[in-house]
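**Q** No letters, just coordinates:
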Ligand SMILES: [Zn+2]
């Protein structure tokens, strides 16, 4: 359906625990959400009705087209150097989760447009086959029960882009609209306008679903669109609070370090003594690695309390400089790993940025912004 907005992810880099990886296409994990199984069960029941002429292959074929749609987003994003963490298929559509750097407005415009464009191309390619095998184009109706496989796939690929281009977040149309506006005005204002239009459409769709169609799926979609627009506006609000700020403004400067020769017992004690959860491991002035709360627990389980900190720490850690923009920290956390960032001046450790202190910083900025009436 849409490239989902970024927000800080839990420590694991993999997607939702309610989804399983079914394939990997050009390096992008493809995941299936578990609600999909319920959906397939429902389809199975529908197909057992005597009047159903629908092919059992229609639903898999439509979801293959949804997958191609999402790959359209993901591969266009890649062309701009924006990575995709994974693609998850839900019964109401797919989500390509972008990660790392946020696309610029002109990039977002093309990324959002690429998904629906894939379906338009599929629909056009099917036209000659429809004339040869079905004697012409089918009536476009919402019910696919009495359609042939070819007609069903065609109708789905006409509907997908039409529906997705409704200018409402998190539909692609909402993103295209925001990107278009953001090329002409301040991005925060563009997001507010696009978000408000999105919520207006959500309410219209909701009323139509409730009183016109009495269609439960459409009602669920309207609900998600309303929520999506809200989230998008809030996420952008958070981002706008970061602009102009530097890593040095938000970093933690009072923290404890562990000597590489310290035991895991000492590390565990330090963890209990204060609120700090992740510890830089040092040898003299030199930073050797980082020991997170999870590493301490794993180390204690495998090495016991006398094990060395240096054996349990992770040697790869991410370093940033105090003068780098604060948005950089959010980008790094969005890549999936939420271990703290080491703020280094040359080889000297001057601070840390954790997801906790970044969200505290955002909260305080938000409070400050509200007090300036
Ligand atoms: Zn899309």
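**A** Arrived safely. Model, not experiment: these values are computed from the prediction.
**Q** Near the ion, which residues of the stretch 51-200 of the chain are found?
**A** Taking C-beta under 5 Å from the ion as the contact definition, the stretch 51-200 of the chain meets the ion at 115, 172. Where you see a C-beta, it was placed from the backbone N, CA and C, and this is true even at glycine.
**Q** Show me where the stretch 51-200 of the chain has its helices.
**A** 58-79, 105-134, 149-164, 172-182, 187-207 (DSSP state H, counting those that start in this stretch).
**Q** now the last one: how far from the chain's centre is it?
**A** Per C-alpha atoms, centre = their mean, to the nearest Å, the displacement of helix 187-207 from the mean C-alpha position of its chain is 20 Å.
**Q** Also the fourth one?
**A** Taking C-alpha atoms, centre = their mean, the mean C-alpha location of helix 172-182 is offset from the chain mean by 17 Å.
**Q** Residues contacting that helix, please?
**A** Outside helix 172-182, the residues that touch it by C-beta atoms under 8 Å, 6 or more residues apart in numbering are 1-3, 73, 105-106, 108-109, 111-113, 115-116, 164-169, 189-191, 193-195, 197-198, 228-229, 232.
**Q** That one relative to helix 58-79, how many degrees between them?
**A** Helix 172-182 runs at 20 degrees relative to helix 58-79, counting by axes from the mean of the first three to the mean of the last three C-alpha atoms, to 10 degrees.
**Q** what is the mean pLDDT for helix 172-182?
**A** Averaged across helix 172-182, the pLDDT comes to 92.
**Q** now swap in the longest one and tell me
**A** Across helix 105-134, the average pLDDT comes to 94.
**Q** quick one: buried residues of that helix?
**A** For helix 105-134, the neighbour count (16 or more other C-beta atoms under 10 Å) marks 105, 107-119, 122-123, 126, 130 as buried.
**Q** gap between it and the chain center?
**A** 24 Å.
**Q** how big is the angle separating that helix from helix 187-207?
**A** Going by the same axes, to 10 degrees, helix 105-134 makes 30 degrees with helix 187-207.
**Q** between helix 105-134 and helix 149-164, how many degrees?
**A** Calculated by the same axes, to 10 degrees, helix 105-134 forms an angle of 160 degrees with helix 149-164.
**Q** and helix 105-134, what does it pack onto?
**A** Under the contact criterion of 3 or more C-beta pairs under 8 Å, 6 or more residues apart in numbering; DSSP states H and E, helix 105-134 touches strand 2-4, helix 58-79, helix 149-164, helix 172-182.
**Q** mind giving me a markdown table with the ones you listed and columns for mean neighbour count?
**A** A markdown table is the format used below for these (neighbours: other C-beta atoms under 10 Å):
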| stretch | mean neighbour count |
| --- | --- |
| strand 2-4 | 23 |
| helix 58-79 | 21 |
| helix 149-164 | 20 |
| helix 172-182 | 24 |
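**Q** out of these, which comes closest to residue 212?
**A** Among these, helix 149-164 comes nearest to residue 212, with 15.9 Å by C-beta to C-beta.
**Q** Output the contacting helices and strands for the closest one.
**A** Counting contacts by 3+ C-beta pairs under 8 Å, 6+ apart, helix 149-164 is packed against helix 58-79, helix 105-134.
**Q** If we use 10 Å, what do you get?
**A** Packing partners of helix 149-164 (3 or more C-beta pairs under 10 Å, 6 or more residues apart in numbering; DSSP states H and E): helix 58-79, strand 93-99, helix 105-134, helix 172-182.
**Q** Among these, which comes closest to residue 362?
**A** The closest of those to residue 362 is strand 93-99. By C-beta to C-beta, the value is 19.2 Å.
**Q** what residues are up against whatever residue of the chain ends up closest to the ion?
**A** Of all residues in the chain, residue 115 sits closest to the ion, at 3.2 Å by C-beta to the ion. Going by C-beta atoms under 10 Å, 6 or more residues apart in numbering, residue 115 touches 1-3, 66, 68-74, 76, 93-94, 96, 160-161, 164-165, 172, 175.
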